[in-house]
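Asks: Take a look and give me a structure for this.
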Amino acid sequence: MAYQAEYIWIDGVEPTPTLRSKTKVIENGTKALPIWGFDGSSTNQATGEASDCILNPVFSCKDPIRGGKNVLVMCEVLVASTGKPHPTNTRALCAETAKRYADQKMIYGIEQEYTMMRLNGRPFGFPELSGEPAPQGPYYCGVGAGRVMGRDIVEIHTEMCLEAGLHISGTNAEVMPGQWEFQIGPVDALQVSDELHVARWLLHRIAEDYDVVISIDAKPQKGDWNGAGCHTNFSTKAMRSNYKAIDDACKALGKRINEHVSNYGHDIESRLTGKHETAPYNKFSYGVSNRGASVRIPWQVARDQKGYAEDRRPNANMDPYVVTQLILETVCGQSSPTKSTGKKQGKKGAKASTKKKTKK
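Replies: Numbers count the residues shown, from 1 in each chain. Next up is the predicted model:
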């Protein structure tokens, strides 16, 4: 019996690309998922007179929504006339870099924050038309009516990620009402990025049935409210065996502040202000247990003298292929500068400075 394959890809919308998908019926007995195509002129990836783009399957898993033999298929976009990676295809460079530094055995755990919004653009937990709820404090990892909103969507999403076989490792309510987080990893750069995109797609698709909009904007609610990030935990084989490698990795990141921050998601200046558990976007610092630093070293890592570090700068709307590639190149390449990936996102701002390690 034939089955359905949902082909998912990343479009060319600016400043933050979005996910698209369409369904292909696959005949039973088909050995490999075939390449497919789409109208790139409708996704800001081609012109009308040469509109075809190629969908090349790179990752697939069970479709927990449709069930049965149906699958979700993450695709990269190729140029139809040449078969080469499309300019919006950031996965290609990530794959190239991951192959070059495969011996370093870098793994990642990504913490995806997001905000549930009403159709009118107001966050869940806020009065429907105007005004604000009680200040931040009771919402983070909260329980009970008035403290958490949208848990039904979170529970379904978690179950479906597990059923799909994704490496989801946890969820929690975040600091602002209506804001949540899920984590994917620890796995390598390509796998964590592919799976994060599929997990994002599942979240959007589930919320669709509730007339809820999932926002990954960096600062969905202006004012004295936390922004939404995508903290990226990373660890090489060397970092998992000695603390000096962790210290060296942090120092390497501090040498390329602007290159990272300008590719860590749109509107990063609104979120990385030095307030609300962030470091200023144009400065760099790292320290043990310090959530106000650019990079945090967890307390147990300092105790064990090995493990991982957490880059707290990436926005919720970051491209995981870009972020993991940059961290790979900077940490594993150390003194080997690389060309910036993708288009610059956000302004460079003031001249960057590096702050010495803070002790906490």
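Asks: from here on, contacts and neighbour counts on C-alpha atoms
Replies: OK.
Asks: ok, the most centrally placed residue in the chain - contacts?
Replies: Nearest residue to the geometric centre of the chain (Cα atoms, centre = their mean): Pro320, 4.7 Å. When contacts are counted by Cα atoms under 8 Å, 6 or more residues apart in numbering, Pro320 touches 192-193, 196.
Asks: Inside helices: which ones of those residues?
Replies: Filtering the contacts of Pro320 for membership in helices, criterion DSSP state H, returns 192-193, 196.
Asks: can you redo these as a markdown table with neighbour count, distance to Glu76 and pLDDT?
Replies: Formatted as a markdown table, the ones in helices among the contacts of Pro320 follow (neighbours: other Cα atoms under 10 Å; distance: Cα to Cα, whole Å; pLDDT from 0 to 100):
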| residue | neighbour count | distance to Glu76 | pLDDT |
| --- | --- | --- | --- |
| Val192 | 25 | 15 | 99 |
| Ser193 | 25 | 12 | 99 |
| Leu196 | 25 | 14 | 99 |
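Asks: Look up phi and psi at Ala98.
Replies: Per-residue torsions, Ala98: phi -60, psi -40 (degrees, to the nearest 10).
Asks: Without its sequence neighbours, what residue ends up closest to it?
Replies: In this structure, Ala98 finds its nearest non-sequential neighbour in Ala189, 6.8 Å apart by Cα to Cα, 6 or more residues apart in numbering.
Asks: so what are the domain limits for the protein?
Replies: In terms of domains, the chain is parsed into 3-87, 97-113+158-354 (source: automatic domain parsing).
Asks: Compare these and give me the one nearest Ala145.
Replies: Relative to Ala145, the nearest member of the domains of the chain by Cα to Cα is domain 97-113+158-354, separated by 11.3 Å.
Asks: what distance separates the closest one from the middle of the whole chain?
Replies: Here domain 97-113+158-354 is found 7 Å from its chain centre; the criterion is Cα atoms, centre = their mean, to the nearest Å.
Asks: about what we covered before: of the ones in helices among the contacts of Pro320, closest to Tyr308?
Replies: Using Cα to Cα, the ones in helices among the contacts of Pro320 come closest to Tyr308 at Val192, 15.8 Å.
Asks: hmm, back to that, is it possible to export the domains of the chain to a markdown table including distance to Gly137?
Replies: Converted to a markdown table, those look like this (distance: least, Cα to Cα, whole Å):
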| stretch | distance to Gly137 |
| --- | --- |
| domain 3-87 | 30 |
| domain 97-113+158-354 | 7 |
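Asks: ranking the ones you listed by burial, who's on top?
Replies: Among the domains of the chain, domain 97-113+158-354 has the highest mean neighbour count (mean count of other Cα atoms under 10 Å), at a mean of 20.
Asks: thinking again about what came up before, how about the contacts of Pro320 in JSON lines, adding distance to Lys237?
Replies: JSON lines is the format used below for the contacts of Pro320 (distance: Cα to Cα, whole Å):
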{"residue": "Val192", "distance to Lys237": "17"}
{"residue": "Ser193", "distance to Lys237": "19"}
{"residue": "Leu196", "distance to Lys237": "22"}
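Asks: Among those, find me the one that's closest to Asp63.
Replies: Leu196 (14.9 Å).
Asks: Quick check: the residue nearest to that closest one when sequence neighbours are not counted vs Tyr286, distance?
Replies: Nearest non-adjacent residue to Leu196, counting by Cα to Cα, 6+ apart: Ile184, 6.4 Å away. Going from Ile184 to Tyr286 by Cα to Cα, to the nearest Å gives 23 Å.
Asks: now do Glu111
Replies: As judged by Cα to Cα, Glu111 and Tyr286 stand 18 Å apart.
Asks: Helices of this structure, start to end?
Replies: Under DSSP H, the chain gives helices at 91-100, 151-164, 189-208, 243-254, 257-261, 268-271, 299-304, 320-333.
Asks: what's the closest of those to Ala2?
Replies: Within the helices of the chain, the stretch nearest Ala2 is helix 151-164; the backing value is 19.4 Å (Cα to Cα).
Asks: Output the contacting helices and strands for the closest one.
Replies: Counting contacts by 3 or more Cα pairs under 8 Å, 6 or more residues apart in numbering; DSSP states H and E, helix 151-164 packs against strand 52-62, strand 168-173, helix 189-208.
Asks: In a markdown table: these, plus distance to Glu159.
Replies: Formatted as a markdown table, these follow (distance: least, Cα to Cα, whole Å):
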| stretch | distance to Glu159 |
| --- | --- |
| strand 52-62 | 13 |
| strand 168-173 | 10 |
| helix 189-208 | 11 |
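Asks: which one of these lies closest to Tyr281?
Replies: Across the helices and strands packed on helix 151-164, Tyr281 has its closest neighbour in helix 189-208 (23.4 Å, Cα to Cα).
Asks: Taking strand 168-173 as reference, get the angle to that closest one.
Replies: Using axes from the mean of the first three to the mean of the last three Cα atoms, to 10 degrees, one finds that helix 189-208 and strand 168-173 are set 50 degrees apart in direction.
Asks: Can you give me the distance of the residue nearest to the centre of the chain to Pro314?
Replies: Note on Pro320: its distance to Pro314, by Cα to Cα, is 9 Å.
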